[in-house]
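Asker: Below is the sequence, then the predicted model.
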Amino acid sequence: MAASIGVLAAEHVAVGLVRDHRLLGDLQVWPESEDRPDMLQSMPAEGIARYISDAIQVARRGEAPEAIGVGFPGIIRDGIVQESPNLPQMKGFDLGASLSSSLAASDVSVPALIFNDADVMAAGIAATRGQLHRLIRVWTLGSGIGFGRYPWSAGAWEGGHSVVTLDPKEHFCGCGGRGHLEGIMGHRAMRLRFLDMEPEEVFAAAATGDQRCSAFVKLWHRALAAGTANSIHMEGPGEFFVTGHNARFVDVGMLDRYLHEMVKMTPLQGSRLEVVATSDEVGVIGAAVNAERFASGTP
Ligand SMILES: [Zn+2]
């Protein structure tokens with residue numbers, strides 16, 4: 001059986017060959033040097049596409065892949081990046097067509113399929129935990145708040161922009177919307193709220209009893225519980241994973257307590273929340289898994 005290629009293009013581009021939900025060989029990460037974390041942000045859309053296509057060419061080692069999946073931040077529809085708040089130059093860009101045509105020029109016949117980056121994390125968690133038969137939902141806590149879902153299903157799924165408060169003063173979300181989950185939990189939003197403190201300092205101060213910081217840490221957990229409760233009320237209970245750089249701030253006990261206050265109907269009880277460390281590898285595997293499922297007609 002041929003291998004597939006998985007790509008995770010977020011802050012950097014990670015690419016690998018995947019077979020049977022496992023990485024074959026090493027993951028390749030570009031740029032190799034850590035001192036250019038915002039490199040993609042300064043590239044035009046065509047440059048990003050070329051960069052990803054070059055990474056795929058290196059990773060495939062001359063083999064014809066069975067499927068190619070790319071995880072990319074933003075709202076993705078039929079290969080088109082409809083919106084990508086951290087990479088605004090990608091808005092409206094047909095990343096799928098661009099990648100597929102440059103790969104076709106070097107005899108790669110399968111299309112490059114583009115998915116939301118949080119969705120490939122969900123697929124990667126499902127695959128690496130042997131849970132490909134279940135509904136998996138994932139919150140990614142970083143500069144923004146991502147919401148991923150496995151199995152892949154058409155839709156916007158912008159759970160990070162769930163409205164979790166009606167307070168019009170809550171306006172820190174990167175999208176500009178009021179009352180959004182990301183406006184409370186996102187790293188960027190926290191820095192805007194506490195102009196004098198970094199998020200790490202806010203959580204540290206809360207732990208030592210600082211009132212303003214403790215109140216915020218409660219709000220932060222309530223917001224995630226609210227986003228989760230909203231998802232439960234729409235799609236039912238299940239497994240929720242919390243990952244990303246800022247998952248380190250999560251107190252699962254507090255989150256559970258708030259969630260229980262928000263979900264009361266018996267058939268909707270029984271969700272499980274777990275904080276997991278994920279890596280580029282999990283996203284790369286998930287991108288390949290999603291692409292394989294599409295290729296075999298079972299998205
Ligand atoms: Zn928003």
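Answerer: Sure, I can see it. Numbers count the residues shown, from 1 in each chain.
Asker: which phi and psi does residue 5 have?
Answerer: Dihedral angles phi and psi of residue 5 (degrees, to the nearest 10) take the values phi -110, psi 130.
Asker: whoops, I mixed them up, residue 158
Answerer: Dihedral angles (degrees, to the nearest 10) for residue 158: phi -90, psi 60.
Asker: again, but for residue 109
Answerer: Torsion angles, degrees, to the nearest 10, at residue 109: phi -90, psi -20.
Asker: which ones are touching it?
Answerer: residue 64 (Cβ atoms under 8 Å, 6 or more residues apart in numbering). The way it works is simple: take the backbone N, C-alpha and C, and place the C-beta from them, glycine included.
Asker: same thing with residue 263?
Answerer: 229, 232-233, 237, 269, 271.
Asker: Take those and keep only those in strands.
Answerer: For these, not one is inside strands, with DSSP state E as the criterion.
Asker: Go ahead and build a PyMOL selection from the buried members of those residues.
Answerer: Buried residues among the contacts of residue 263 (16 or more other Cβ atoms under 10 Å), as a PyMOL selection:
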select buried, resi 229+232+237+271
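Asker: Just the closest of the contacts of residue 263 to residue 128, please.
Answerer: Relative to residue 128, the closest of the contacts of residue 263 is residue 271; by Cβ to Cβ it sits at 20.6 Å.
Asker: Would you mind measuring from that closest one to the ion?
Answerer: Plainly put, residue 271 is 23 Å away from the ion if you go by Cβ to the ion, to the nearest Å.
Asker: for the residue nearest to that residue when sequence neighbours are not counted, phi and psi?
Answerer: With Cβ to Cβ, 6 or more residues apart in numbering as the criterion, residue 271 has its nearest non-adjacent residue at 4.1 Å, and that residue is residue 237. As for residue 237, its main-chain torsions (degrees, to the nearest 10) stand at phi -80, psi 170.
Asker: right, and residue 237 touches residue 273 too?
Answerer: No: with contact defined as Cβ atoms under 8 Å, residue 237 does not count as touching residue 273 (10.8 Å).
Asker: What degree of burial does residue 31 show, as a neighbour count?
Answerer: 13 (other Cβ atoms under 10 Å).
Asker: Run through the residues that contact it.
Answerer: Here residue 31 is in contact with 12, 39 (criterion: Cβ under 8 Å, 6+ apart).
Asker: Contacts for the biggest helix by length in the chain, please.
Answerer: Criterion DSSP state H: the longest helix present in the chain is helix 211-235. Identification of contacts with helix 211-235 by Cβ under 8 Å, 6+ apart yields 135, 137, 139, 145, 147, 159-160, 162, 164-165, 181, 184-185, 193-194, 197, 202-203, 205-206, 238, 240, 242, 249-251, 254-255, 258-259, 261-263, 268, 271, 273.
Asker: Can you select the buried ones from those residues in PyMOL?
Answerer: Listed next is the PyMOL selection for buried residues among those, using 16+ other Cβ under 10 Å:
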select buried, resi 135+137+139+145+147+159+160+162+164+165+181+184+185+193+194+197+202+203+205+206+240+242+249+250+254+255+258+259+262+263+271+273
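Asker: if you look at the contacts of helix 211-235, which of them are in helices?
Answerer: Reading helices off the contacts of helix 211-235 with DSSP H, I get 181, 184-185, 193, 202-203, 205-206, 254-255, 258-259, 261-262.
Asker: right, and the pair among those with maximum separation?
Answerer: Farthest pair in the ones in helices among the contacts of helix 211-235, by Cβ to Cβ: 205 and 262, 26.5 Å.
Asker: export the ones in helices among the contacts of helix 211-235 to TSV and tack on pLDDT?
Answerer: Formatted as TSV, the ones in helices among the contacts of helix 211-235 follow (pLDDT from 0 to 100):
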residue	pLDDT
181	98
184	98
185	98
193	97
202	98
203	98
205	98
206	97
254	97
255	97
258	98
259	98
261	97
262	98
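Asker: which one of these is nearest the ion?
Answerer: Nearest to the ion among these: residue 181, at 7.7 Å, using Cβ to the ion.
Asker: isn't that closest one right up against residue 161?
Answerer: Yes: in this structure, residue 181 is within contact of residue 161 by Cβ under 8 Å, at 6.7 Å.
Asker: which residues do those two both contact?
Answerer: With Cβ under 8 Å, 6+ apart as the test, residue 181 and residue 161 both reach 145, 173.
Asker: for this structure, which spans come out with low pLDDT?
Answerer: 1, 34-37, 299 (pLDDT under 70).
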